[in-house]
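K.L.:
The following block contains a protein sequence and its predicted model.
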Amino acid sequence: MSVIDRVTAPFERFTQTHASRMATAVIVGVLAFLWLPIGVLVFMSFADGGVLSFPPDELTLRWYRVFLANDAALDAIVTTLTISVPATGITVTLATMIAYAVDRYVFPGRSWLQLLATLPIIVPLVVTGVAMVLFFNGTLGLPDYVSVVIAHVIRTIPFATLVILPTFMSFDRGLEEASKDLGADEFETFRQVTLPNVFPGVVAGGLLAFTLSFNEFVYTYFVKGSGDPTLPVYIWNQIRYNVTPEVNVISVVFLAVAVTMVLAAVSLTRVELIARR
Amino acid sequence: MSLLRVRGLTKEFGDLVAVDDVDFDVEDGEFVSILGPSGSGKSTVLRMVAGFEEPTDGEIALDDVEVVGSPPFERDVNMVFQDLALFPHLTVAENIGYGLKQSGVPADERRERTERMLEMVRLEGYGDRSPAELSGGEQQRVALARALVNEPALVLFDEPLSSLDRKLRQHMQGELQRIQVETDTTFLYVTHDQEVALAVSDRLVVLDDGEIQQVGTVEELYETPASRFVADFIGDVNAVEGRVVAVDDGTIGLDVGDGEVTVPRDAAVGDVAVDDAVDVCVRPFQVRVEPAGDDRDVANAADGTFSATGVVRSRSYQGSDSQYGIETDRWGRLSAEIRSASFEIDDRVAVAWDAADVHVYRRDGDGSADDDGGS
């Protein structure tokens, strides 16, 4: 037994015996860093007092009431939804079509399409934001609303495609043959066999797109111009001028939206069916 | 008029000719198997009949109507897929009723016919389950029911039994035959497993390298194989190399080592001429094995017998028979299936078989001799 072995042996024995406990410790640590700030934020949304200070003197629902009475904030939510809902619909449709095409067909520019669709992830947001202002508003002269929806679609398409594509790739094409063999044409096969089987991926892609779009700030800030602010832009404006605990409340709203999306995804996609396969 | 008529069917994938000028017929109510090793093109033939592949050339007529060019959903055939391809998002009953739904059968009738099919494949009460909850054999039955419920002219099988264990496979073979008779449907079955093919089929189409080797009943293929390939593929065969030394009206003289044996003329499949190199093939069960006592070492032309001495190298019991591997001095390794005698490994033995039991194939020939050759 070498010297090194003798030195490391106790450590190895320790890791052998405590492997699962060490793994637990790491997981707890990661989760803590992830969730503690968010937990503090949720906690602070109940804090009394006009400034962001920890710990608060007293707990209260006061800022929730302020938020609910704040027409500007509620308008911002409505504004966000009028952009995010159509943008999500367009994104899911396009991303599903892209995924279908990339999975099924070999066509000229297939690899380029994949790259182009994912490119917006790599290009700095600010660069694209500026480019969009110049192109949509300047060159094309599109209305602000249309520009923003297009911007949101561009922002969310790469993520939705990346989520939807694997479900197409793992889908057993033999099922489509079986469907056609049993008398269903191409369209009926897609509707009755392909879509139900890739649906979990499509829903997941849609929920991701919606969450991203709901939170989208940079493109919106550039393209939207002087119109009604979306919720992220509204928060930004608030923080710039006066920081109130109401911002915490709005953050909790964001959190609530995200959690709701995930729960909806789970209930819609019958995850337990996937787990059983 | 045949139910299915295939003429000159050819499929090329780039430079590869997967199916080469294939002709065969399937009559109404028949159970026909396409038998061939992996890569012989048998699945491609089936997929062209189903409509999943377009032939490069040739005709496929179903009920006298040309179907090449029409999509799978317009053909009156249904397929049982190799991996079954049951719809995971539908229940067993919905799987079976899928085809009926596509053809617009009302829900009531659909339910009734699905129910009847479940009975037919002995899965009563399984309708509401998910396919994933069923065993392999049960899934096979669902796949079969899903094809049969549409009452197609022809049901295609793409080796669906290959994933089952031997016992279950044999059971499903019996079930297939029963269901084929009960539903009075025509089956076209593709497999590489000669055991399955021999057990279930009325007729066989033997395919190798994209070309048809022989078409015939199980008995025809076993008793008068048209080529060494068929002889080898349908049951075991021993092959001894030889040379033709004489061709007469009724007999052929063969040199198979140190002697000449005379065999009947019709033992040779197709034409043979003097000096042709040939394979002399004999089934293991026709080989006799005796203790090597007397020195009867040379093939004896007079009594029309092939014989050689050798040493027992292996033996295995197969129910009532024993299979012996015998290393002969003259012809290398041969196998013999015998019932009564018992030999030990390393025993010296004499093997012999009658000239009347052999088939002779030209070695350099293309092997695809006439079907009416042989005995």
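P.N.:
Cool, the structure landed.
K.L.:
Run the contact check for the helix or strand where A:A87 lies versus chain B.
P.N.:
Using DSSP states H and E, the element containing A:A87 is helix A:71-104. No - with CB under 8 Å from any CB of the partner chain as the criterion, chain B is not reached by helix A:71-104; the gap is at least 14.8 Å. Every residue, glycine included, has its C-beta placed from N, CA and C.
K.L.:
Which strands or helices does that helix pack on?
P.N.:
Using 3 or more CB pairs under 8 Å, 6 or more residues apart in numbering or on different chains; DSSP states H and E as the contact test, the elements touching helix A:71-104 are helix A:110-122, helix A:144-170, helix A:195-215, helix A:231-241, helix A:246-269.
K.L.:
The shortest one: which residues count as buried?
P.N.:
Within helix A:231-241, the residues that qualify as buried by neighbour count (16 or more other CB atoms under 10 Å in any protein chain shown) are A:L231, A:P232, A:V233, A:Y234, A:I235, A:Q238.
K.L.:
Which residues of the stretch 1-150 of chain B lie near chain A?
P.N.:
By the criterion of CB under 8 Å from any CB, the positions of the stretch 1-150 of chain B lying close to chain A are B:50-52, B:71-73, B:77-79, B:81, B:83, B:85-89, B:98-99, B:102-103, B:130, B:132, B:146, B:150.
K.L.:
and A:G225, that one's in a helix?
P.N.:
No - according to DSSP: H, G, I helix; E, B strand; the rest coil, the state of A:G225 is coil, so it is not within a helix.
K.L.:
Tell me which of the helices and strands packed on helix A:71-104 sits nearest to chain B.
P.N.:
With CB to the nearest CB, the closest approach to chain B among the helices and strands packed on helix A:71-104 belongs to helix A:195-215: 4.5 Å.
K.L.:
count of neighbours near the nearest residue to A:M261 once chain neighbours are set aside?
P.N.:
If the residues on either side of it in the chain are set aside, A:M261 comes closest to A:L207, at 4.3 Å by CB to CB, 6 or more residues apart in numbering or on different chains. Applying other CB atoms under 10 Å in any protein chain shown, we find 24 residues neighbouring A:L207.
K.L.:
who touches A:L207 in this structure?
P.N.:
The neighbours of A:L207, taking CB atoms under 8 Å, 6 or more residues apart in numbering or on different chains as the test, are A:M261, A:V262, A:A264, A:A265.
K.L.:
In these, which has the lowest confidence score?
P.N.:
Confidence by pLDDT is poorest for A:A265 among the contacts of A:L207, given 70.
K.L.:
need the contact list for it.
P.N.:
For A:A265, the residues meeting the contact criterion (CB under 8 Å, 6+ apart) are A:V203, A:A204, A:L207.
K.L.:
Please report the distance of the first one from A:S111.
P.N.:
In this case it means A:V203. Distance, A:V203 to A:S111, by CB to CB, to the nearest Å: 27 Å.
K.L.:
more crowded one of those two?
P.N.:
The neighbour comparison of A:V203 against A:S111 (other CB under 10 Å) goes to A:V203, with 20 against 10.
K.L.:
Helix, strand, or coil at the residue of the stretch 151-300 of chain B at minimum distance from chain A?
P.N.:
Using CB to the nearest CB, the closest approach of the stretch 151-300 of chain B to chain A is made by B:L156 at 8.5 Å. Reducing the assignment at B:L156 to three states with three-state DSSP gives strand.
K.L.:
From the structure, what's the count of residues near B:A352?
P.N.:
Counted with other CB under 10 Å, the burial measure for B:A352 works out to 19 neighbours.
K.L.:
and it, what pLDDT?
P.N.:
B:A352 carries a pLDDT score of 87 in this model.
K.L.:
any low-confidence regions in the stretch 151-300 of chain B?
P.N.:
Counting by pLDDT under 70, the stretch 151-300 of chain B contains low-confidence ranges at B:258, B:293-300.
K.L.:
just the strands in it please.
P.N.:
Shown for the stretch 151-300 of chain B, the strands assigned by DSSP state E, counting those that start in this stretch span residues B:154-158, B:186-191, B:203-208, B:211-217, B:238-247, B:251-255, B:260-264, B:277-282, B:288-291.
K.L.:
related to what we said a few turns ago, so the residue of the stretch 151-300 of chain B closest to chain A bridges to which residues?
P.N.:
Beta-bridge pairing of B:L156, defined through DSSP bridges, involves B:M79, B:L188.
K.L.:
quick one: contacts for it?
P.N.:
With contact taken as CB under 8 Å, 6+ apart, B:L156 is in contact with B:L46, B:V49, B:A50, B:V77, B:N78, B:M79, B:V80, B:L188, B:Y189, B:V190.
K.L.:
Looking at the residues you listed, which is nearest A:T167?
P.N.:
In terms of CB to CB, no member of the contacts of B:L156 lies closer to A:T167 than B:M79, at 25.4 Å.
K.L.:
Run a quick neighbour tally on the closest one.
P.N.:
Counted with other CB under 10 Å, B:M79 comes out at 31.
K.L.:
Quick check: pLDDT value at residue 78.
P.N.:
Let's take chain A. Per-residue confidence for A:V78 comes out at a pLDDT of 91.
K.L.:
if you could check chain B rather than the one you did, that'd help
P.N.:
Looking at B:N78, its pLDDT reads 94.
K.L.:
residue contacts, the nearest residue to it once chain neighbours are set aside?
P.N.:
Excluding the flanking residues, the one nearest B:N78 by CB to CB, 6+ apart is B:A147, at 3.8 Å. Contacts for B:A147 were tallied using CB under 8 Å, 6+ apart; they are B:N78, B:M79, B:V80, B:G99, B:V155.
K.L.:
Am I right that B:A147 sits in a helix?
P.N.:
Yes - following the definition three-state DSSP, B:A147 is counted among the residues of a helix.
K.L.:
Looks like A:T244 contacts A:F67 (just checking).
P.N.:
No - taking contacts as CB atoms under 8 Å, A:T244 lies outside contact range of A:F67: 9.8 Å.
K.L.:
neighbour-wise, which of these two wins?
P.N.:
More neighbours surround A:F67 than the other of A:T244 and A:F67, with 22 against 17 (other CB under 10 Å).
K.L.:
For A:P229, see how far away that one is.
P.N.:
For A:F67 relative to A:P229 (CB to CB), the value is 15 Å.
K.L.:
And for A:L195?
P.N.:
Distance check for A:L195 against A:P229: by CB to CB, it reads 37 Å.
K.L.:
Over to B:T328?
P.N.:
Between B:T328 and A:P229 the distance is 96 Å, computed by CB to CB.
K.L.:
Check B:G137 too.
P.N.:
Look at B:G137 and A:P229: by CB to CB, they are 64 Å apart.
K.L.:
burial of A:E186, as a residue count?
P.N.:
Counted by other CB under 10 Å, the residues lying close to A:E186 total 13.
K.L.:
Could I get the contacting residues of it?
P.N.:
By CB under 8 Å, 6+ apart, A:E186 lies in contact with A:K180.
K.L.:
For it, report the pLDDT, please.
P.N.:
As predicted, A:E186 sits at a pLDDT of 91.
K.L.:
and if you look at the one 4 residues further on?
P.N.:
Model confidence at A:F190, expressed as pLDDT, equals 90.
K.L.:
so what's the residue nearest to B:T183 when sequence neighbours are not counted up against?
P.N.:
For B:T183, the nearest residue in space outside its immediate sequence neighbours is B:L148; the separation is 5.8 Å by CB to CB, 6+ apart. Residues counted as contacts of B:L148 (CB under 8 Å, 6+ apart) are B:N78, B:M117, B:M120, B:V155, B:I179, B:T183, B:T185.
K.L.:
Nearest to B:S38 among those residues?
P.N.:
Comparing the contacts of B:L148 against B:S38 with CB to CB picks out B:V155 as the nearest, at 22.8 Å.
K.L.:
Just confirm the closest one contacts B:T186, I think it does.
P.N.:
Yes - with contact defined as CB under 8 Å, B:V155 reaches B:T186; the gap is 7.1 Å.
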